[in-house]
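In: Sequence and predicted structure below; questions after.
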Amino acid sequence: MDIKVLAQEENYIELELTDEEQGFANALRELLINDKNVEFAAYRVDHPQMSPPRLMVRTKSGSPLAAIKDAVKKLKKFSSEFHDEVKSAKKPAESRKKK
């Protein structure tokens, strides 16, 4: 992934997430909007097949970049926990399989 800073102010940042899909941007946005220090978090895609997502974050307090870093840490943790759950999932019982 390549990240371009398109705009940056004291409490606002806009990033272009090159080579990423909307899913990643949406997951970050979801975590950011649940952060009490974040006033606004959104992403946009000019063209779904030709444009990378742009993530925009405005904070009430603190650095928007710090808020993004915290969201990425949470996303890594959730991903790891999900991976562990999938690995330990039990296979369906033979009696439940279609005959």
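Out: Good, I have the coordinates.
In: Show me the shaky parts of the protein.
Out: For the chain, the stretches with pLDDT under 70 are 91-99.
In: Regarding it, what is its longest helix?
Out: Selection of the longest helix in the chain by residue count, based on DSSP state H, yields helix 64-88.
In: what's the helix or strand for N26?
Out: Using DSSP states H and E, N26 maps to helix 22-33.
In: Name the surrounding residues that touch stretch 32-45.
Out: Residues outside stretch 32-45 that contact it (Cβ atoms under 8 Å, 6 or more residues apart in numbering) are 11, 22, 25-26, 28-29, 51-62, 64, 67-68, 70-71. The C-beta positions use only the backbone N, C-alpha and C, and glycine is treated the same way.
In: Tell me how far the longest helix of the chain lies from the chain's centre.
Out: Taking Cα atoms, centre = their mean, to the nearest Å, one finds the center of helix 64-88 at 9 Å from the center of the full chain.
In: Of all the residues in it, which ones are buried?
Out: 64, 67-68, 70-71, 74 (16 or more other Cβ atoms under 10 Å).
In: Likewise for stretch 30-38?
Out: With the criterion 16+ other Cβ under 10 Å, stretch 30-38 contains buried residues 31-32, 35, 38.
In: Extract the CA atoms of stretch 68-85 and return them as PDB.
Out: Written as PDB, here are the backbone C-alpha positions of stretch 68-85 (Å, rounded to 0.1, in the frame of the first residue of the first chain):
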ATOM      1  CA  ILE A  68      -5.800   6.600  12.300                       C
ATOM      2  CA  LYS A  69      -2.800   4.800  13.900                       C
ATOM      3  CA  ASP A  70      -5.000   3.700  16.800                       C
ATOM      4  CA  ALA A  71      -7.700   2.500  14.400                       C
ATOM      5  CA  VAL A  72      -5.200   0.500  12.500                       C
ATOM      6  CA  LYS A  73      -4.000  -1.200  15.700                       C
ATOM      7  CA  LYS A  74      -7.600  -2.100  16.600                       C
ATOM      8  CA  LEU A  75      -8.200  -3.400  13.000                       C
ATOM      9  CA  LYS A  76      -5.100  -5.600  13.300                       C
ATOM     10  CA  LYS A  77      -6.300  -7.000  16.700                       C
ATOM     11  CA  PHE A  78      -9.800  -7.700  15.300                       C
ATOM     12  CA  SER A  79      -8.300  -9.400  12.300                       C
ATOM     13  CA  SER A  80      -6.000 -11.600  14.400                       C
ATOM     14  CA  GLU A  81      -8.900 -12.600  16.700                       C
ATOM     15  CA  PHE A  82     -11.100 -13.400  13.700                       C
ATOM     16  CA  HIS A  83      -8.300 -15.500  12.200                       C
ATOM     17  CA  ASP A  84      -7.900 -17.400  15.400                       C
ATOM     18  CA  GLU A  85     -11.600 -18.100  15.700                       C
END
